[in-house]
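Visitor: kindly return the folded structure for what I paste below:
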Amino acid sequence: MALVGLPIMASADDYIPPVVGGKTYVQHQIVAAKTRHPEILSIIVEGKRDSDKSPVVLGSTRASGAVFTAAPKPAWNVGGKLGPRGRTYVVRTPFVSSTDHPIGTIVIAFAYRKGQSIARLDGIARAVSADMARATLSAKNAADPYPYDNAWGPNTYAQALTERMIAGHPDLLVMMIHATPPGGKANIIIGSNIGRIGKMADEDDLRVIEKGSTNLEIGGDNDRFETELPLLDASGKRIGALGLVFRYKPGDDKEAIHRHGLAIRDEIAARIADNAALFARRR
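Guide: Residues are numbered from 1 along each chain as shown. The predicted structure follows:
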């Protein structure tokens with residue numbers, strides 16, 4: 001299959017509804033990060049959406065009401081500093097996308113006591129930054145609403161499968177499972193490593209879902225290879241669509257990346273008994 005003349009598009013960045021109550025995708029990520037690391041007192045993420053002239057708060061564990069308000073002028077750019085009384089240690093670290101595009105700054109405050117290992121706290125800050133980069137496609141994605149649709153969440157087999165595949169394929173930037181709930185009519189995203197769970201299928205998705213077509217695009221800033229394939233179950237039946245995004249640079253072998261995507265699709269299909277299994281509660 002010759003892959004020529006691929007359009008430069010960003011299908012993974014379609015229109016997303018506005019955020020309500022400060023519940024951004026970044027807000028979801030930092031609340032989870034704070035839970036994983038009890039040493040953290042707070043996390044604030046600052047950055048700019050396309051419409052912003054100056055940085056705003058994209059997420060804050062201190063107060064979700066601060067989201068989209070103007071970010072304070074930074075006291076320093078990056079690195080860590082002890083608080084004035086020596087009881088806190090604050091790290092400012094870059095917030096980047098999965099393709100290393102700057103989005104903003106992550107500000108992490110730790111509880112600190114004299115003699116405590118600052119190197120360990122710096123390591124936690126780096127881990128939080130890396131986890132957020134792995135899970136964020138773009139600045140627009142960072143400011144997405146979360147949850148996208150309150151009717152759907154990350155407690156399905158489809159989401160567990162997505163997380164397993166992302167962990168097993170470090171070169172895979174994005175994975176999205178599009179399927180129709182049993183008895184339902186609208187096809188939605190039910191598995192995703194970048195949020196947007198519950199987002200209804202768009203025209204491109206439906207072409208894959210209904211006709212078995214394949215969408216192949218160069219996205220982002222010409223640095224993502226985006227492929228959307230028919231999603232199959234273990235019997236080979238088409239049950240939806242599978243979106244996969246890989247890092248890309250001009251000159252990369254598009255056909256090889258596409259073949260790799262097909263192999264991942266087949267690996268996923270072998271783990272899906274049928275469409276209903278995708279919506280089962282994760283164990």
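
Visitor: so for stretch 142-157, what gets flagged as buried?
Guide: Neighbour counts over stretch 142-157 (16 or more other CB atoms under 10 Å) mark 142-148, 152, 154, 156-157 as buried. (Each C-beta comes from the backbone N, C-alpha and C, glycine too.)

Visitor: those: which two are farthest apart?
Guide: Put simply, by CB to CB the two of the buried residues of stretch 142-157 set farthest apart are Ala143 and Tyr157, 28.6 Å from each other.

Visitor: quick one, strands of the stretch 51-200 of the chain?
Guide: Along the stretch 51-200 of the chain, counting by DSSP state E, counting those that start in this stretch, strands occupy 56-60, 79-82, 88-96, 102-111, 172-179, 188-192.

Visitor: do you know which of those lies nearest Arg238?
Guide: strand 172-179 (10.6 Å).

Visitor: what pairs with the closest one, and is each one parallel or antiparallel?
Guide: Here strand 172-179 has these sheet partners by DSSP bridges: strand 188-192 (antiparallel), strand 238-247 (antiparallel).

Visitor: hmm, back to that, so which of the strands of the stretch 51-200 of the chain gets nearest Ile272?
Guide: Of all the strands of the stretch 51-200 of the chain, strand 172-179 sits nearest to Ile272, with 9.0 Å by CB to CB.

Visitor: just give me the residue closest to the centre of the chain.
Guide: Against the mean C-alpha coordinate of the chain, by CA atoms, centre = their mean, the closest residue is Ile194 at 2.1 Å.

Visitor: what's the separation between that one and Ser98?
Guide: Per CB to CB, to the nearest Å, Ile194 is found 8 Å from Ser98.

Visitor: common neighbours of these two, please.
Guide: By CB atoms under 8 Å, 6 or more residues apart in numbering, Ile194 and Ser98 have these common neighbours: 135-137, 174.

Visitor: list the contacts of Arg265.
Guide: By CB under 8 Å, 6+ apart, the residues touching Arg265 are 229, 231-232, 242, 244.

Visitor: tell me the confidence at it?
Guide: If you check Arg265, the pLDDT there is 98.

Visitor: chain center to the one helix or strand it maps to: distance?
Guide: In this assignment (DSSP states H and E), Arg265 forms part of helix 254-269. Taking CA atoms, centre = their mean, to the nearest Å, one finds the center of helix 254-269 at 20 Å from the center of the full chain.

Visitor: that helix: which residues count as buried?
Guide: Neighbour counts over helix 254-269 (16+ other CB under 10 Å) mark 254, 257-258, 260-261, 264-265, 268-269 as buried.

Visitor: please apply the same query to stretch 125-141.
Guide: For stretch 125-141, a neighbour-count test (16+ other CB under 10 Å) marks 125, 128-129, 132-133, 135-141 as buried.
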